[in-house]
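Student: Model the following, please.
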Amino acid sequence: MAASEGNLRIDPVEGGQIPQILRLDPSWQQACLALDQRALNGLWTGEQWRRELDDPRRLCIGVVQIDVLWGVACGWMVADELHITAVAVDPDRRRSGHGGLLLHALLQRARQHGAVHATLEVASDNVAALALYAKAGFRTAGTRSGYYSDGRDALILWCRIPSPPSPTSAA
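Tutor: Below is the predicted model:
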């Protein structure tokens, strides 16, 4: 599960190790399932994680330090749209910027795959997630009443994925 070349790096943390953002493959299934249990209360099954990590139309990236998964961001490519299916950070690592870095990296990768906009659903009472998505440029496009099994509503969020900056020519 070593990080591959070309991964985005983020600032070092205590101990001097540098967490990396990398594309996750099926070898990360158990780590994703364990993180899902801690961060999302078991939202997905092992089979759902296998499909997420196996399907080439799905993007799944993680922030990893020394083969320990701290967070994930996943989405499906549908034509020119990224449908974000999960963004989760280990509860012990929250409020450290990892969610924003993962979301930004996922949007960049989706753009490289031809996405021009992104959408997702989020619990209407998830204040932290709503702040994260608003900072990334997401806006509310609608509501799904009673979307979650506990009866909570979901907000449908949408954003345009900005084009990468054009390289400037040296003068």
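
Student: For the longest helix anywhere in the chain, list every residue counted as buried.
Tutor: In the chain, taking DSSP state H as the definition, the longest helix is helix 98-112. For helix 98-112, the neighbour count (16 or more other CB atoms under 10 Å) marks 98-103, 105-111 as buried. In this view, the C-beta of every residue, glycine as well, is placed from N, C-alpha and C.

Student: How about stretch 126-137?
Tutor: When burial is assessed from 16+ other CB under 10 Å, stretch 126-137 yields the following buried residues: 129-130, 132-133, 136.

Student: Remind me what the helix or strand following the longest helix of the chain packs against, helices and strands.
Tutor: The helix or strand immediately downstream of helix 98-112 is strand 117-123, counting by DSSP states H and E. Other elements packing on strand 117-123 under the criterion 3 or more CB pairs under 8 Å, 6 or more residues apart in numbering; DSSP states H and E are strand 81-89, helix 127-135, strand 154-160.

Student: one step back: quick check, nearest of the buried residues of stretch 126-137 to Ala34?
Tutor: Ala129 (20.7 Å; CB to CB).

Student: can you pull the contacts of the most centrally placed residue in the chain?
Tutor: With the centre of the chain defined as its mean C-alpha position, the nearest residue by CA atoms, centre = their mean is Ala73, 1.8 Å away. Contacts for Ala73 were tallied using CB atoms under 8 Å, 6 or more residues apart in numbering; they are 60-62, 84, 86-88, 99, 102-103, 105-106.

Student: repeat that for 7 Å
Tutor: When contacts are counted by CB atoms under 7 Å, 6 or more residues apart in numbering, Ala73 is found next to 61, 86-87, 102-103, 106.

Student: Over to Gly146?
Tutor: So, once contact is read as CB under 7 Å, 6+ apart, Gly146 ends up touching Asp153.

Student: For it, what are phi and psi?
Tutor: In this entry, Gly146 is assigned phi and psi values of phi 60, psi 30 (degrees, to the nearest 10).

Student: Check the gap between it and Leu157 for me.
Tutor: Distance from Gly146 to Leu157, counting by CB to CB, to the nearest Å: 18 Å.

Student: Alright, I will stop here.
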